[in-house]
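Q: This is the structure alone, sequence omitted:
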């Protein structure tokens with residue numbers, strides 16, 4: 001009987017951290033191939049399947065704008081052929097960052113953008129790259145916004161949500177954020193909790209976060225906070241079977257308040273704890289509480 005292969009495809013715009021993500025998977029025992037022509041993907045899987053049984057069953061490849069336009073245009077057909085193969089499970093992880101962050105990363109590293117042709121500016125090349133990768137982005141199982149992620153944080157996301165996930169389970173993440181810094185591009189659902197009582201207006205709580213007991217005590221004392229938590233829990237819980245039956249691998253729930261420090265953090269923590277007893281893979285991430293991105297993230301490779 002052929003061995004079951006797990007395939008992870010890493011893609012995204014240049015400077016988003018693809019090489020770092022691939023390195024994180026390699027550290028977790030994946031056989032990794034960088035800058036693979038999409039046309040060779042099926043033959044690579046076939047060769048990998050025929051390797052000795054003790055050689056491992058996890059394969060990760062990076063496919064990006066260094067491919068030819070024709071190969072990228074054929075990706076949907078190639079992806080469909082892979083989905084029809086038996087004993088093969090796969091995920092497409094698409095990394096991205098906001099435009100200004102990508103500009104800063106390339107300016108800092110002074111690397112040549114793969115779509116630079118001597119006539120287009122770096123700004124134009126970065127925008128064009130989003131278009132040429134559209135076929136892969138549309139098929140992505142999970143999107144990761146690396147704009148505010150350090151190298152350490154990105155590796156942690158890949159280890160926990162990708163490498164650490166069982167093949168057929170759905171990975172659920174609750175992500176708190178502040179609306180004043182933008183809605184996360186990698187959220188599948190977004191819930192606005194700005195209508196809840198705000199600890200920010202209590203001077204003694206202003207400098208704390210939703211992970212600290214005084215803020216939790218303040219919020220838990222309000223019935224509206226409990227109702228909000230229960231309503232979000234019920235919505236997600238009711239629709240989880242539909243996502244799982246549709247072979248969905250990742251689901252990210254964004255919880256937003258004004259600054260991403262108090263209410264969204266507290267609600268996200270409560271929801272993650274509630275689902276830990278229901279699902280095998282549950283994570284919580286607090287975007288605004290994370291460290292600022294390290295400059296070397298883009299410098300680690302494409």
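A: Cool, the structure landed. Not measured: the values here are computed from a predicted model.
Q: Run through the stretch 151-300 of the chain and note the low-pLDDT ranges.
A: Scanning the stretch 151-300 of the chain with the threshold set as pLDDT under 70 gives 165-168, 247, 291-300.
Q: Which residue ranges of it form helices?
A: All helices of the stretch 151-300 of the chain, identified by DSSP state H, counting those that start in this stretch, fall at 151-157, 213-220, 223-245, 263-276, 296-299.
Q: Tell me which of the ones you listed sits most buried.
A: Greatest average neighbour count among those goes to helix 263-276 (a mean of 22), per mean count of other C-beta atoms under 10 Å. (Each C-beta comes from the backbone N, C-alpha and C, glycine too.)
Q: so how far is the first residue of stretch 76-92 from its last?
A: 12 Å (C-alpha to C-alpha, to the nearest Å).
Q: now do stretch 149-162
A: One end of stretch 149-162 to the other measures 16 Å (C-alpha to C-alpha).
Q: since we're on residue 83, how many residues are nearby?
A: Residue 83 sits with 12 neighbouring residues when counted by other C-beta atoms under 10 Å.
Q: Give me the distance between it and residue 22.
A: 22 Å (C-beta to C-beta, to the nearest Å).
Q: With respect to residue 195, which of the helices of the stretch 151-300 of the chain lies nearest?
A: Residue 195 lies closest to helix 223-245 among these, at 7.5 Å (C-beta to C-beta).
Q: The closest one to helix 213-220, inter-axis angle?
A: 90 degrees (axes from the mean of the first three to the mean of the last three C-alpha atoms, to 10 degrees).
Q: which helices and strands sit right next to helix 223-245?
A: strand 189-192, strand 250-257, helix 263-276 (3 or more C-beta pairs under 8 Å, 6 or more residues apart in numbering; DSSP states H and E).
Q: So what are the sheet partners of the second one and their directions?
A: Take DSSP bridges as the rule and strand 250-257 pairs in its sheet with strand 171-178 (parallel), strand 189-192 (parallel).
Q: Need the winner for burial among these.
A: Most buried of those, by mean neighbour count (mean count of other C-beta under 10 Å): strand 171-178, with a mean of 25.
Q: Could you give the separation of it from the chain centroid?
A: 10 Å (C-alpha atoms, centre = their mean, to the nearest Å).
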